[in-house]
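Student: Provided below are the primary sequence and the corresponding predicted coordinates.
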Amino acid sequence: MNDKITPFQLSMLLITFIGISNHVILIPILLDAAKRDAWISALAAVVPSLLLGLLFVFIYKHIPSSLSTWVNKKTNWLWLPFTLLFTVYFSAQASISIRDTIVWSNTTYLTYTPTWVVGMCLLGICYYTARKGLAAIAITNGILLPWIVLCGFYVMSVNFQFKDYAYLFPVFKNSAESITRGAWYTTSGITEILLVFFLKDDVKGKLTPTNMSLVVLMLIELTFGPLAGIIAMFGPFEAELMRYPAYEQWRMASIGSMLSQTDFLSIYQWLASAFIRISLAIYIIHTLWVKKWKRPELLFILISLFLFGFNQLKLSDVRFHEHVKSYYTASTLLCGCFCVVLLICIWAGRNKKAVKRNG
């Protein structure tokens, strides 16, 4: 059986994996940073995000295999720090989604359910899917994503009656620094595309600049669209006070007077996206360690148990919010440094080949 996925399936995985981050986690941070001008920040991130996406395509074309395989073959001494660094990186992505999902579930529709029960159910199904491999995750995502998108279009269209886009103006009421900071956070969400470097062994076919540009634009829209809609619906000051502004739109969504509550669809939208994000993160962490591990099945269990235990630690929502901000700042710096290192390696490899040919 061929377990490899196509570039189209990879693109769909990127949209779901990063989409929940841009759609749910980043929006409160952007409102915090840029207030009413948060939607300007999202637009300002379009050009740097597209350039970043094209850089990722260039690097992806020039690395011979997945980074974990490449590092393992070329520099055995570097394998451990490299693996530890990106284990922390992908664990942070999974942990943020796990905690946000648990807290949101307990706040909205599972108010009397212990957090450990929600966490165990969520990680149990993510563990099972990750164990089945990348192809299983991609196929499951192909079934879930169209309905996630349809739910998004539904909540956007039925809520037009409550929106006043005059709330988006006047623009540039805040400092250039705050707008730039918002653009930085938006771009930092796009940096998570670097996960493609860890999946190259599992992808058949080429990742094209057009393909990547479309993915980046969709991800920016997943931030800009809900952000503008939230400000237009609730006003900039009320929106800034909300913990889950994207979900608050669902409280208003209804179909006529006979079906006044349709926010149960938001449960599907959130859980489906979080499920794909966490499953893929577990799978990537597994690929980082599996070449040095004798029992692959046990490794999946250990990763899942670690994520479960870590997310049972007591942490106030205010501190969690600050940690998420720090994560996005650190991840952008990590991505920048890592891309520079990869470009140097690619350049050195080209020079080495040229010297051999001339010799």
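Tutor: Arrived safely, thanks for sending.

Student: would you confirm that residue 162 contacts residue 252?
Tutor: Yes: contact criterion CB atoms under 8 Å: residue 162 and residue 252 qualify, at 5.5 Å. The C-beta positions use only the backbone N, C-alpha and C, and glycine is treated the same way.

Student: overlap of the contact sets of the two?
Tutor: The overlap between the contact sets of residue 162 and residue 252 (CB atoms under 8 Å, 6 or more residues apart in numbering) consists of residue 233.

Student: which of these two has more neighbours?
Tutor: residue 252 (16 against 13; other CB atoms under 10 Å).

Student: helices or strands up against the worst-scoring helix or strand of the chain on mean pLDDT?
Tutor: In the chain, the helix or strand scored least confidently by mean pLDDT, DSSP states H and E is helix 317-358, which has a mean of 83. Applying 3 or more CB pairs under 8 Å, 6 or more residues apart in numbering; DSSP states H and E, one finds that helix 317-358 contacts helix 26-34, helix 46-62, helix 79-108, helix 176-190.

Student: deepest of these, which one?
Tutor: helix 26-34 (a mean of 24; mean count of other CB atoms under 10 Å).

Student: can I get stretch 105-122 in CSV, CA atoms only?
Tutor: Extracted in CSV, the C-alpha atoms of stretch 105-122 (Å, rounded to 0.1, in the frame of the first residue of the first chain):
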residue,chain,number,x,y,z
SER,A,105,-15.3,23.0,25.9
ASN,A,106,-15.5,23.3,29.6
THR,A,107,-16.6,27.0,29.3
THR,A,108,-19.3,26.4,26.7
TYR,A,109,-20.9,23.0,26.5
LEU,A,110,-19.2,20.6,28.9
THR,A,111,-19.3,22.7,32.0
TYR,A,112,-19.6,19.8,34.5
THR,A,113,-17.1,17.4,32.7
PRO,A,114,-13.7,17.2,34.4
THR,A,115,-10.8,18.5,32.2
TRP,A,116,-9.0,15.2,32.3
VAL,A,117,-11.9,13.4,30.7
VAL,A,118,-12.1,15.9,27.8
GLY,A,119,-8.3,15.7,27.4
MET,A,120,-8.2,11.9,27.4
CYS,A,121,-11.0,11.6,24.8
LEU,A,122,-9.4,14.2,22.6
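
Student: give the rounded mean pLDDT of that stretch.
Tutor: Taken as a whole, stretch 105-122 has a mean pLDDT of 93.

Student: and if you look at stretch 18-27?
Tutor: 91.

Student: mind checking how far it is from the chain centre?
Tutor: 7 Å (CA atoms, centre = their mean, to the nearest Å).

Student: quick one: terminal-to-terminal distance for it?
Tutor: Terminal residues of stretch 18-27 are spaced 13 Å apart (CA to CA, to the nearest Å).

Student: where does pLDDT dip in the stretch 1-150 of the chain?
Tutor: The model of the stretch 1-150 of the chain has pLDDT under 70 over residues 1-2.

Student: quick one, what contacts the residue nearest to residue 321 when sequence neighbours are not counted?
Tutor: Leaving aside its chain neighbours, residue 321 sits nearest to residue 28 (7.2 Å; criterion: CB to CB, 6 or more residues apart in numbering). Residues in contact with residue 28, defined by CB under 8 Å, 6+ apart, are 242, 243, 244, 245, 321.
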